[in-house]
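Asker: what follows is a predicted protein model with its sequence.
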Amino acid sequence: LYDNQGELGGGIKVTGNQAILNLNNVIIRDNNSSLHGGGIYCEDQATVNIFGASAIKDNTALASGGGVYGKTACELSNTSGDIDPVSEAQYGIISNKAWQGGGVFLESAATLALTGNNEHPASVAFNTSLTDADEGGGGLFLTGSNTLLNATNARIELNIAKLTGGGLVVLNQARVNMNRFDEPCWDNNHCSLLANNFVTGVSGTGGAMDIFNASIVNISQTTISGNRSDSAAIFNVVTASYLRLEGNLIIDNKHWSNTTDTVLFNMSGSTGNGANIDFFYNTLVDNESGHVFNLLAQAQHTLKIHNSIINHTGLTYNQNGNNNNLNSIDCVFLSEQDSLTGNIGTILLTDPGFVDSANGDFKLSTGSDAIDLCDESVFSGANHNDLNGKKRGYDNPNVNNFLGSYDVGAYENYGDIIFKNSFD
């Protein structure tokens, strides 16, 4: 379906709770909308399912949703994607453009399920937001209460915005959940991928994601890598929004050119509307920025860091504004601790002992001090297995527990045990 034009839905418009559109091995390309939904426009509880060798690609909307636009409880799902390099990707929601939401725009309780499998991800890749004056969302833009993205074994990669949210913009109580299936996939360190998303404008923010106004984002078991922005290379968390990161590998995120002129995580908000980040079981290594966490403005922010590895040149905290932030940190490997404030527990400034960090293997080596180091007595604990899908809290019989049987960082170490389905 190609070379069509329309106001609402350049390619297809689907409307009403009795409408169901199934796209199996279908290509929707090179369509144009003068308003919303270059490829597909969906509204009023309609259902759209994209699967098989399907692609929504090279479509354009002048306003929002270059590939797909959903509103008023539209239910969307996509299982299409591939493992080819992004520039050669054939399937998924790819290479679309719009003012906002280059790939996908969702509002008014619309939902999208991105669900890959063990052979390939569900992809949103190489989409572009064109605005340099408003929230962008190169890959996806979500706004409004009950607007929801569930992404499992998904690939959100190489999406581009000019001002905010290279990968995603999540606004006004919208929600995002991103994780992986526990079974091994095509590349067991990249079953869930949020990578190489860019914000290109000067002072642009949220290379991976911009989260604003009481929105909720949960990301687990995901490789978060290669995202770029002048300000907040990875996440910009603003105004009573909540970000929970659990069991992620966070690597090679940075400023375009000046390694000291950005931060990885920005937290800001007005008085009484602080940002909230829970940072549990993550491995953060080989990123480039002046600070890891930047706590700004007069809001009282809440930052909890537990059972994680933060290997970073530069300050862990930079607090500019309210010094009464609710910070807690415990059972964490750090490169420095002088910047820490709040409730400070066990901090280790030693080498965590990776298998082969020079070649990108950040699993824990047999002799690592991070094995059987932590417990979960002072925070809510793990909701998911580790980055490779293995259960947390394995008690290695060859290691004396320090606080408990939980390993630090994205990977749980099982010693020499050989798993039935995986040799990680």
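Answerer: Perfect, I can see it now.
Asker: shouldn't Ala358 be within a helix?
Answerer: Yes: per DSSP: H, G, I helix; E, B strand; the rest coil, Ala358 lies within a helix segment.
Asker: now it: how far from Asp286?
Answerer: From Ala358 across to Asp286, the span is 10 Å (C-beta to C-beta, to the nearest Å). No exception for glycine: its C-beta is placed from N, CA and C like everyone else's.
Asker: could you do Ala133 as well?
Answerer: For Ala133 relative to Asp286 (C-beta to C-beta), the value is 34 Å.
Asker: settle it for me: which of Ala358 and Asp286 has more neighbours?
Answerer: A direct count of neighbours by other C-beta atoms under 10 Å for Ala358 and Asp286 places Asp286 higher, at 16 against 6.
Asker: now the lowest-mean-pLDDT helix or strand in the chain: buried residues?
Answerer: Taking mean pLDDT, DSSP states H and E as the measure, the chain has strand 315-321 as its least confident helix or strand, at a mean of 88. Burial within strand 315-321, assessed by neighbour count using 16 or more other C-beta atoms under 10 Å, is assigned to Leu315, Thr316, Tyr317, Asn318, Gln319, Gly321.
Asker: which one of these is nearest Gln337?
Answerer: Thr316 (7.3 Å; C-beta to C-beta).
Asker: quick one: that closest one and Leu340 touch, right?
Answerer: Yes: counting by C-beta atoms under 8 Å, Thr316 does reach Leu340; the two are 6.3 Å apart.
Asker: what's the burial count for Asp44?
Answerer: Neighbours of Asp44 (other C-beta under 10 Å): 15.
Asker: okay but it is in contact with Ala73, surely?
Answerer: Yes: if you go by C-beta under 8 Å, Asp44 and Ala73 touch, sitting 7.3 Å apart.
Asker: quick one: low-confidence parts of this protein?
Answerer: 322-323, 416-424 (pLDDT under 70).
Asker: coming back round to it: could I get the buried residues of strand 315-321 as TSV with distance to Leu168?
Answerer: Below are the buried residues of strand 315-321 laid out as TSV (distance: C-beta to C-beta, whole Å):
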residue	distance to Leu168
Leu315	27
Thr316	25
Tyr317	25
Asn318	24
Gln319	26
Gly321	26
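Asker: show me which of the residues you listed is closest to Pro352.
Answerer: Thr316 (14.9 Å).
Asker: now do the contacts for the closest one.
Answerer: His291, Val292, Phe293, Ile310, Leu334, Ser335, Glu336, Gln337, Ser339, Leu340 (C-beta atoms under 8 Å, 6 or more residues apart in numbering).
Asker: Leu148: which of the residues you listed is nearest?
Answerer: Phe293 (26.9 Å).
Asker: for the closest residue to the closest one other than its chain neighbours, the count of nearby residues, please.
Answerer: Nearest residue to Phe293 in three dimensions, chain neighbours excluded: Phe265, at 4.9 Å (C-beta to C-beta, 6 or more residues apart in numbering). Phe265 has 25 neighbouring residues, counting by other C-beta under 10 Å.
Asker: wait, Phe265 sits on Ala232?
Answerer: Yes: if you go by C-beta under 8 Å, Phe265 and Ala232 touch, sitting 6.7 Å apart.
Asker: what touches both of those two?
Answerer: In contact with both Phe265 and Ala232: Asn294, using C-beta under 8 Å, 6+ apart.
Asker: surely Asn4 touches Asn31?
Answerer: Yes: with contacts counted by C-beta under 8 Å, Asn4 reaches Asn31, the gap being 4.7 Å.
Asker: ranges for the helices of the stretch 51-200 of the chain?
Answerer: Assigned by DSSP state H, counting those that start in this stretch, the helices in the stretch 51-200 of the chain number zero.
Asker: who's Leu245 bridged to?
Answerer: For Leu245, the residues forming beta bridges with it (DSSP bridges) are Ile219, Phe279.
Asker: could you do Arg228 as well?
Answerer: As assigned using DSSP bridges, the partners bridged with Arg228 are Phe198, Lys254.
Asker: Ile156 too?
Answerer: The partner residues for Ile156, given DSSP bridges, come to Val124, Leu194.
Asker: tell me, how many residues neighbour it?
Answerer: 34.
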